[in-house]
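> sequence unknown, structure follows:
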Ligand SMILES: Nc1ncnc2c1ncn2[C@@H]1O[C@H](COP(=O)(O)OP(=O)(O)OP(=O)(O)O)[C@@H](O)[C@H]1O
Ligand SMILES: Nc1ncnc2c1ncn2[C@@H]1O[C@H](COP(=O)(O)OP(=O)(O)OP(=O)(O)O)[C@@H](O)[C@H]1O
Ligand SMILES: [Mg+2]
Ligand SMILES: [Mg+2]
C-alpha cells in the first residue's frame, strides 16, 4: 500500500477524487468526523463519504472479516494493530490524542477538586476497565501521580463512566476531555495537571483492500491536514 | 376432612332464571334433603345449565339459590363454586390430565388440606367401591370412555359434598357396569343426607334412581312429579316418548263421554271425568290390539283403521308404528306379528278399551 | 369431491392383535359391504381400540387390516389415517374448538381441496338432515352435550367415507332425539355401500341398527352372530345381562334330561338335546313364575325356592331379583307383585316350564 | 383475585414500569420535537420496523416448522438439537455478530459462496440487518411455539386425520389455530427482541444511516453525544412499539375468540 | 414428516447453527486451556449462572402471577398494561440500564428511598446484576406464560373449583401443571436471556470482577484485547448453557410425561 499522490488541501478536486468512501470510525469521533465529511464532500464534488460509526473493536472485527471499508479511524492503537496484523492496513498514522479529565456531577456532592480527592474513602469513583484505552490511560495517570484509587466499578467504555457520573451514581469518574465537553452542563470537568496526565492516541489508516483507495487516501490526508486538525481541536481533541 | 362439608343436610331451592348466549332458562325447583330429583329433557333443554348454576359456574340472571339457610346466589350474594358444598360429575368428565386416577380422586381431600398419604388412602377406598382399583396408577388418557366416567363419579363422591349434581353419570357405562354402578349409586344416594340432582336420558335410570322427576324443555319446566305420575300421565310428547306411551291432545266437551282428538278421531273414555276442555289422552302401546279386519262385535269402544309403517324387534316384543287417525305405537308379541302376517304397508284395525285410556287435563 | 372416497364398497377384514400399554386385543372379524356390525362389550373391552386400529390411529402389533384389495395395515404396509377412506365418530366428539359447527362439518370437504363456499353449502345440507341448522354459527363450547355429539356424527357422515366407524354415536342424545337420529342413521346406513362398525352400550340400539353383533370381553371376541341369535343364546353372563336373560352354566350328562347347574340345582330341559357335556341354559325373566307356596300339582317341571332380594319398577313391569339356587331375575306385572305381597325378604317359589328353557353348548 | 397472585403481580408491574416511568420523567420533553425532526430518526425508525417485521416473518416461516419438529419428531440427538437452537439466546450479542461475520461475512464459511455463486453479500446491507435480527430473535419464537406444540391436545389432530386431512392440512387448519395464543406470544417476543436488537446488528451489518442504522444503533450513537437525546429516541421507539402491540395483538387475539 | 415442514425446519437449523459452527472453527483451541485457567473466567461464569438463575426465580415468582392476571383479569387499561409489560423487550439494553439507574440508582426515584430507608444500594452490587437481568428477562417469561394461560382449557379449573379447591389451589395444582410445557419454555427463554444479558447489566451494575463481572462482560472485554480469547470465552458460556439446558429441561419435561 502506501499513500498515493498527495491531495491538495482544499481547492479543486483531483482527477482521482470521486466516488464513495466508506469510513469506519470510532463512535467518539462521530461529531467531528461528520463535520469533516461534509467539508471534504464540499471540497471534492462527486465524492461521498459514508460513515460507519461504532465501537473500535467491533469495527476492527468487521474489517478483518472482509467488510468493504476504505478508511479506519480507531480510538485505540490496539484495535488498529488487529487490523494491521490481519494485513488489512499497512501504515496507520496517529492523528489525534485525547487526554483525561475528572468528571463530577454538576452539583459535585463529594466536593472533589483534585486528583487526590479520588483516594478518599467516601468518594465513589468509576473508572474504565484497564483493558480498554480509557482505563489504561487512567491507570497510567494514577501511577504518574503516585495515587492508589479504588474504584467501585470498572466500566467497559468511557460512556458508561460518564453516564454513572451524570446520574450521580458515582461522585467522580475519569474520562476524556472530549466526553466532558460533549456532556455539556450535566457534568463538571476538573482538569488533571499536564505533568501527570495520560492520553490515548487515535490512529487512522487507509486500508489495503480499500475499494476506492485514491479518494480514501485523500480523505485520510484531509483528516491529517491543518483544516482537519481545526475541526478536531474544536471537539476537544489534542494534536498527537 | 369428611363430614365437614355435608353438615348441611338441608333442602335446596332454586328460583330464577339464567342466560347463556341466546339461551334462557327459567326454573323453580325445591329438592328436599335426601331426595333425588331426576332431571330429564331433550338435548339443549338446559339441564347442564341448571346444574352449572347450582354449582356456581354460571351466575343466575335473576332469582336465588339457597341450601337451607345458606344463600348460594341471589341479588346480593354469589358464593364461588369452591365455597359451595357441591359435588358435580361433568357430562364430559374433565379428569385432570396431569394426575393419575388415584390423585384425581384424592384431589378434593388434598384441596381441603389433607396430606398426600391419608388423602390417597381415602381415595383408594373409593376406587375399591367403584371397582377401579386396577386403574389407580393410570393417567386419564389411558382410560377407556366408561372407565373415565366411573373415575369422574368416584372423584365427585369422594369430595363428600352436601349436595350432589350428576350430569349423565352413567351414559358411557356398559350395561352390566351400569347396573353395578347404579346399585352402588343408589346405595350411596340412600345414605346420602343432602339433596341430589341427576340428569339422565335413560328413562329407566330416572325411574330407578329418582324420587321425583323434573322435565325441562327449551329452558322451561314442563312437568314435575313422582316417576309413577310422570310415567302414567306424561305432559308432553317428549315425556310420552320417553316413557313409551301414546299421547294425544284433544278436547272433552261437557256432557259427552268422547274426546275429540286434535290429530283426528274420537276416543271414548271411561267414566265421565270431572273436568272438561283441553285434555291429554295417554294410551299404553301394549293395550292397543291389532286386527286385520274390523272387530265388529268386540268389546273395545275405540276402534279405528291404520297402516303399518314400521316394525321393530325389541328384546321380547315387536313395536309397530301405525299410521292412522290418530297414529299409534303398538307392542305385539313376535307370535302375533307372525299370525297376523304384519309387514310395513299392511292395512290393520286398531282397538283399545275405554278403561285403558287415561284422560287428564292439559297443563296450561 | 363426494363419491371419490367411498368408491371401494368392499368388505373389511381385521385379523390380528394390538397392544396399548398392558392391554392386549385379539380380533378376527369380517364386515361385508353394506353390513352393519354392532360391537358390544363391557367398559375397557377394547371396542375403541378396535376402531382406532381400523382408522389408523393405532398400529396393529400383528396381523392385517384389509378393505377389499386395499391393505390398510400389515407387516409391510401402514396406511396413515388420512389415506384411509374411514369416517370415525369419537366417543369424546373432538369437535375442533376453533371452528364453528358449520366449519367443523365442512372440514373434510375443505381438506379434500373443496373451496370454502361449496364445502359450506354441502355441510349445510348435513346440518339440515340432522336438525342442527340452528347451531351452524356456534362454537363447540357453546353446545350442549347432545348437540355436540350430533355435530360429531354430522361431521363424520359429511366426509362421505367408504367405511364408517361409530363409537357410541348416540349415547348423549335424549330419548326422542335418539329415535330421530337413529332413524336418520338407519336410513343413511341403509344407503351406505361400505361396511359399518358401531359401538354401543344400548342393547336395543344394537338390535335395531346392526345386522350382526360382535361381543368383546377383555380384548377377546366372545360371541359373534345375528342380533336374534345373540339375544336368544347369549354366550356369557355379560351378554345375558345385556339382553335381559337369566344364564346358567351346567353339565348335561348323557342319558339324562336334567342339567346339573354349577350354581346349584338341576334343570329339566325339553327334549334330550343332541350334545352332552358343558352347556349353557338361558331362561327369559318373563317365563319364570313366582308363587308364595310350593306349586304342588303345577305343570312346570322346574321348581325351586328363593328369597326376594330386590324389586325394581320398570316402565310397565316389575323386575324382581331372587336369591336361590340358582338365583334368577323375574319379570312380573305390578298387579302380581301386589297380589303376592312381594317385598325384599319374601320367601317364594319359582317355577319355569321345561319348554321355556333353552339349552345350548358352551363355546370352548 | 387471590392476593397470593395479586400482590406479586402488582410488584412485577411496579418493577417493570418504574424504570419506564423514570425515562418519562427524565426525558427532555422540550427537545423531543427537535429530535424527531431529524430526518435520520424517522429513517431509522422506519428501518427498524421494516427489519424487525421481516425478521419476524422469516422466523415464522422457518421457526414454526422447526418448533413442530422439535416437539413432535423422535430421533437421536433431538435433545441436543433442542438445546443448540436456544444458544443464540445465550450468546452475547456482539459475539453473535462476530459469529455471523464468520459464517455469512464476505469471507465467511457460507458467505464466500453466497458471494461467489449468487453475488449476495450480507454485511452492511439491510438484508444483513434482517439476518442479524433473525438470528437473535428466532429462538424466542421457536422455544415458545415448541412448548405450545408439546402441550396441544393430539386428539384433535387425530380427528382431522380421520377426516382425510393430510399432515400439512392438519398442521395448517388444526394444530396452528389451536396454539394461536402461544404463536402470538412467540411472535411478539420475536418482533420485540428484533426491534431492540443492537449488538449483533452493529457488528454484522454496521451502522449506515438509511441502510443499516436502526433505532437502537441511533440510540447508541446518541448516547455518545447527548444522553438525553438517547432517552428521547428510546421513548419514540417505545411509543411506536406500544402502539403496534396494542393495535395488532388484540386484534389478532380477538379475531378468533379464545377457545 | 411432510417436506413442507421438514425443509424450512432444516433451513432454520442450518441458519442458526452455521454461526455457532463458525465460532467453533475459528476458536483458538490450543489457547482454550489458558483462557479457562484464568481464575476470573471461572468467577465470571459462576456469577453468571448464579445471577441468571436468581433472575429466573424472581421472574417466576413475580412474573407468573402477572401473566395470570393479564390472561384472566378484566379491567380497563388491561390491553395497555399488556403492551407496557413487553416494553423492556424493545428497549435497547443500554437505555434499559439507564432507565434502571433513574429508577433504582442511588439518586433514583425509588432508589433514593431504598437507600435512605433500608440502606440498600443496588448499583455496583451483585444484587444490581440480578435486578438488571430480571428487568430484561422477565417479560419473556410473562409473555410466554400469558399465552399459555390464555389457551388453557378452563373446564379443568371449573372442575377443580367444584371439588372445593380455592383459587390458589386451582392455580397451583391444576392451571400451572396444565401449562407446564410453556412454563418450561418461558423459563428457558428467561434464563438464557439473563445469562446472555450485557447492556443493561453493565450500565446498571457496572463491572467489578467477582462482584458484577458476568461472562458476557468478560467476553466484551476480551473482545477489546484479543478477539480469539473472546470466542473461546463465548464457547465456554455456550457449552455450560447447553449442558444445563439438556440436563435440566428434559428431566423436567419427562418428570410429568406430556399430557
Ligand atoms: N356458552 C354458551 N353460549 C351460548 N349458548 C350456549 C352456551 N352454552 C350452552 N348454550 C346453549 O344453551 C342450551 C342449553 O344447554 P345445556 O348444556 O344446558 O343443555 P342440556 O340440557 O344439558 O343438553 P344435553 O342433553 O345435550 O347435554 C343449548 O341450546 C346450548 O346450545
Ligand atoms: N394409552 C393407553 N395406555 C394403556 N392402556 C390403555 C391406553 N388406552 C386404553 N387403554 C386400556 O385399554 C383397554 C381398552 O380400552 P378401550 O378404550 O378400547 O375400551 P372400550 O371397549 O372402548 O371401553 P369403553 O366402553 O369404556 O369406551 C382399557 O382397559 C384401557 O384402560
Ligand atoms: Mg348437558
Ligand atoms: Mg370406548
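Structure's in. What do you need? If you're wondering where the values come from, they're calculated on a predicted model, not measured in any experiment. Residues are numbered from 1 along each chain as shown, chains lettered A, B, ... in the order given. Ligands and ions are numbered 1, 2, ... in the order given.
> Residue in chain A with the shortest distance to ligand 2?
Distances between chain A and ligand 2 by C-beta to the nearest ligand atom are smallest at residue A:65, namely 54.1 Å. Every residue, glycine included, has its C-beta placed from N, CA and C.
> pLDDT weak spots in chain A?
Across chain A, the ranges flagged by pLDDT under 70 are A:1-17.
> Show me the residue sitting in the middle of it in space.
Nearest to the geometric centre of chain A sits residue A:75, at 4.1 Å (C-alpha atoms, centre = their mean).
> got the phi/psi numbers for the residue in chain A that chain E sits nearest to?
Residue nearest to chain E within chain A (C-beta to the nearest C-beta): residue A:153, separated by 2.9 Å. As for residue A:153, its main-chain torsions (degrees, to the nearest 10) stand at phi -150, psi 150.
> ok, the closest residue to it other than its chain neighbours - how many residues close by?
In this structure, residue A:153 finds its nearest non-sequential neighbour in residue E:206, 2.9 Å apart by C-beta to C-beta, 6 or more residues apart in numbering or on different chains. Residue E:206 sits with 29 neighbouring residues when counted by other C-beta atoms under 10 Å in any protein chain shown.
> for residue B:305, same thing?
Using other C-beta under 10 Å, residue B:305 is surrounded by 14 other residues.
> List the buried residues in the helix or strand hosting it.
Secondary structure assigned from DSSP states H and E places residue B:305 in strand B:302-313. Of all the residues in strand B:302-313, those buried under the rule 16 or more other C-beta atoms under 10 Å in any protein chain shown are B:302, B:303, B:304, B:306, B:308, B:311, B:313.
> check contacts around the third one.
Under the criterion of C-beta atoms under 8 Å, 6 or more residues apart in numbering or on different chains, the contact list for residue B:304 reads B:265, B:324, B:325, B:326, B:349, B:350, B:351.
> can you check the fifth one too?
Shown here is residue B:308, whose contacts under the criterion C-beta under 8 Å, 6+ apart are B:320, B:321, B:322, B:323, B:342, B:343, B:344, B:345, B:346, B:348.
> Isn't the first one up against residue B:333?
No: using C-beta atoms under 8 Å as the test, residue B:320 is too far from residue B:333 to be in contact (11.3 Å).
> more neighbours, these two?
The neighbour comparison of residue B:320 against residue B:333 (other C-beta under 10 Å) goes to residue B:320, with 27 against 12.
> What separation is there between the more buried one and residue C:17?
Distance of residue B:320 to residue C:17, computed by C-beta to C-beta, to the nearest Å: 44 Å.
> go on, residue B:259?
Taking C-beta to C-beta, one finds residue B:259 at 63 Å from residue C:17.
> Ok, residue D:184 next?
In terms of C-beta to C-beta, residue D:184 sits 45 Å off from residue C:17.
> Repeat that for residue A:169.
Distance from residue A:169 to residue C:17, by C-beta to C-beta: 74 Å.
> quick check, residue D:70 in a strand?
No: going by DSSP: H, G, I helix; E, B strand; the rest coil, the assignment for residue D:70 is helix, not a strand.
> Am I right that it is in contact with residue D:81?
Yes: in this structure, residue D:70 is within contact of residue D:81 by C-beta under 8 Å, at 6.9 Å.
> can you pull the contacts of residue D:102?
Neighbouring residues of residue D:102 by C-beta under 8 Å, 6+ apart: A:65, D:108, D:109, E:19, E:22, E:23, E:25, E:26.
> mind listing what the residue of chain A found nearest ligand 4 touches?
As assessed by C-beta to the ion, ligand 4 sits closest to residue A:65 within chain A, at 63.1 Å. Applying C-beta under 8 Å, 6+ apart to residue A:65 gives the contacts D:98, D:101, D:102, D:105, D:106, D:107, D:108, D:123.
> Buried members of those into ChimeraX, please.
Of the contacts of residue A:65, the buried ones can be selected in ChimeraX as follows, counting by 16+ other C-beta under 10 Å:
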select /D:98,101,102,105,106,108,123
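> where along the stretch 101-250 of chain D do the strands fall?
For the stretch 101-250 of chain D, strands defined by DSSP state E, counting those that start in this stretch do not occur.
> what does the stretch 1-150 of chain B give?
Taking DSSP E, counting those that start in this stretch to define them, one finds strands in the stretch 1-150 of chain B at B:12-20, B:23-31, B:36-40, B:62-67, B:70-73, B:86-89.
> The second one near ligand 3 at all?
Meaning strand B:23-31. No: on the criterion C-beta under 5 Å from the ion, strand B:23-31 is out of touch with ligand 3, staying 11.8 Å away.
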